[in-house]
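[1] model this:
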Amino acid sequence: MPQARRIPLSRRSHIIGFQALPSGTALHESALERDFATLTSFSNPAAIIHSQPVTIAFDDEGFRRRYTPDFLVTYPTSAELVEVKYESDLKAQWKRLDPAFHAAYQWAAAHNATFRVMTERDIRGGLLNNAKRLLPLRTLPLDAKTAMLALTHAHTLSPATFRTLLAALPNRSLALATLWRLIAREQLHTDLSALITMDSELRPA
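    Purely as a prediction, here's the structure:
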C-alpha cells in the first residue's frame, strides 16, 4: 500500500527510520512508532503494517482539514487504523486532534476497520522489551535435534525452567541459542510480560 504522506527527512526530537519486520518494512517518525511496529509484529506474526496509509479530509468548524493516521494494521480477518502519540503530546494537542480522530473513527467504520489511539502506556513495558530481543531470532536457523530434545524435556520436566532445560541439553552454547529461538517461535511458552531469567518457567506449545 503506498504512503499517503512522505515522511520528512528530519524533524527535531523525532527519530526517522525504517523498521525491518518479517512482514516487510515499516516507516516511523518516532521511537514510539518504532516500538509500536516491533510490538505489533511480535504479538501478531500475521499482521501487515502499512505506514501512513491514508489521508482523511474532514470539515472542522467550517474549515477543510486533512489528517493522516500513523498506521493501518491488517490481520487475516480484521484491520485497525492506529495513531501513536506520546501521552504528553496527546494532552497538549487534544483540542486539535479530537476532530481528526472523530473523522478517523468514521473512516474506519466505513472500511470495516477500527480506530485506536495508542500511547507509551499501551506500548512500552515488559512485553516490548522481550519483543526487541526475540523478534530477530524468529527467522534464525534452528538445530532440529536440539530443539526436539528440548521440547521432549519440556514435556517431561514438571515444571521446566530455563535453567533445568539448559542443564538437560548437551552443548551449552547450542542449547542456549536453541531455547531462545524456541521461545521466539512460540514453541516454548513463558510469561513474556516479565523479564526472562534462568528461573522462568518454559512450557511446550
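[2] list the contacts of the lengthiest helix in the chain.
    Taking DSSP state H as the criterion, the chain has its longest helix at helix 94-110. Residues external to helix 94-110 that are found in contact with it (Cβ atoms under 8 Å, 6 or more residues apart in numbering): 54, 56, 58, 60-61, 65, 67, 69, 79-81, 83, 85, 90, 114-115, 117. Yep, even glycine has a C-beta here, placed from its N, CA and C like the rest.
[3] now, of these, which are buried?
    By neighbour count, with 16 or more other Cβ atoms under 10 Å, these hold 54, 56, 58, 67, 69, 79-81, 83, 85, 90, 115, 117 as buried.
[4] farthest pair within these?
    Taking Cβ to Cβ as the measure, the buried ones among the contacts of helix 94-110 span a maximum distance of 22.6 Å, between 79 and 90.
[5] in stretch 34-44, which residues are buried?
    Using 16+ other Cβ under 10 Å as the test for burial, stretch 34-44 gives 34-42.
[6] try stretch 59-75
    Within stretch 59-75, the residues that qualify as buried by neighbour count (16+ other Cβ under 10 Å) are 67-74.
[7] do stretch 116-132 as well
    Residues of stretch 116-132 classed as buried by neighbour count (16+ other Cβ under 10 Å): 116-120, 123, 127-131.
[8] which residues of this protein fall in strands?
    In the chain, the strands defined using DSSP state E lie at 17-21, 24-28, 48-51, 56-60, 63-67, 71-74, 79-84, 114-118, 188-189, 203-204.
[9] tell me which of those lies nearest to residue 162.
    Nearest of these (Cβ to Cβ): strand 188-189, 9.1 Å.
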